[in-house]
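Undergrad: Got a predicted model here, sequence first, then my questions.
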Amino acid sequence: MLITERWLSSKRATEFVHDGHVGVSEPGKGQPLSQIRQQLAEEEVSSSIEVKPLVLRQHFLQQGNVADANLVDQVDVMAIRVKGGRIVNEVSFAGASFLEGFLSVYGIELERAVRRYEEKLQLFETLDQERKQRAVFIGRLKHGELEQLSPSFETEQQAKIELETMKQVEKERALAPSLEVERDES
């Protein structure tokens, strides 16, 4: 059984083929399915990660590293680019301990962003290549596992309409506890 999986809500074209357990196409050929999804989720959010100077300074101070905390003002932290857990551009005035601290904070921010991304309702499409069965559905990723939250829709447009409805319901549920508190205080 070969399945093509597409993430319709992603910023870029995210598509890969798997057999239900392991990837059989790039990205992730030969890797476990959950690992491929986790990697793709990280790639999806990595461009939006910002390590704020104040957060980096606090990290160094918590580590007792005053010298690197003072360096934060001299280094353009926002210009540092990370790809695959490595810094890919030259950073003048920064030593190894500064860069290690930066990567530590970056990793924490990346983990938070992936968690938020996984909590979002999204559209997915799967195509069972043998049976020629297509499924478009609303789902969510949890630690690399794809959770289907809706029945399959005939069209992507139908799925988008239902996705917006589900997002609105989630938003209302999130607001409900704060509204209860306001009513109790009145």
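TA: Alright, I've got the coordinates.

Undergrad: only C-alpha atoms for contact and neighbour calcs from this point on.
TA: Noted.

Undergrad: The residue minimising distance to the centre of the chain in helix, strand or coil?
TA: The centroid of the chain falls nearest to Val114 when counting by CA atoms, centre = their mean (3.1 Å). Assigned with DSSP: H, G, I helix; E, B strand; the rest coil, Val114 falls in the helix class.

Undergrad: Count the residues that sit near Ile161.
TA: Per other CA atoms under 10 Å, the neighbour tally for Ile161 reads 10.

Undergrad: Distance from the helix or strand encompassing it to the middle of the chain?
TA: In this assignment (DSSP states H and E), Ile161 forms part of helix 156-185. In terms of CA atoms, centre = their mean, to the nearest Å, the centre of helix 156-185 is set 22 Å apart from its chain centre.

Undergrad: Quick check: buried residues in it?
TA: The neighbour-count check on helix 156-185 (16 or more other CA atoms under 10 Å) flags 156, 159-160, 162-163, 166 as buried.

Undergrad: avg pLDDT for it?
TA: Summarised as a single mean, pLDDT over helix 156-185 is 81.

Undergrad: Below-threshold pLDDT in the protein: ranges please.
TA: Low-confidence segments of the chain (pLDDT under 70): 88-94, 178-186.

Undergrad: Please enumerate the strands of it.
TA: 3-7, 14-18, 82-83, 86-87, 122-128, 133-142, 145-148 (DSSP state E).

Undergrad: now the ones you listed as JSON lines including mean neighbour count and distance to Gln31?
TA: Shown next, in JSON lines, are the strands of the chain (neighbours: other CA atoms under 10 Å; distance: least, CA to CA, whole Å):
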{"stretch": "strand 3-7", "mean neighbour count": "19", "distance to Gln31": "15"}
{"stretch": "strand 14-18", "mean neighbour count": "20", "distance to Gln31": "9"}
{"stretch": "strand 82-83", "mean neighbour count": "14", "distance to Gln31": "20"}
{"stretch": "strand 86-87", "mean neighbour count": "13", "distance to Gln31": "21"}
{"stretch": "strand 122-128", "mean neighbour count": "20", "distance to Gln31": "18"}
{"stretch": "strand 133-142", "mean neighbour count": "20", "distance to Gln31": "17"}
{"stretch": "strand 145-148", "mean neighbour count": "15", "distance to Gln31": "14"}
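
Undergrad: What residue spans form the domains of the protein?
TA: Domain segmentation of the chain under automatic domain parsing yields 3-46+121-185, 53-117.

Undergrad: mind checking how far the last one is from the chain centre?
TA: The reference is to domain 53-117. For domain 53-117, the distance to the chain centre is 19 Å (CA atoms, centre = their mean).

Undergrad: Skipping adjacent residues, who's closest to Phe98 in space?
TA: Closest residue to Phe98 apart from its sequence neighbours, by CA to CA, 6 or more residues apart in numbering: Asp68 at 5.7 Å.

Undergrad: how deep is the one you found tucked in, by neighbour count?
TA: Residues within reach of Asp68, counting by other CA under 10 Å, total 21.

Undergrad: before we move on, what about the one 5 residues further on?
TA: Residues near Asp73, counting by other CA under 10 Å, number 12.
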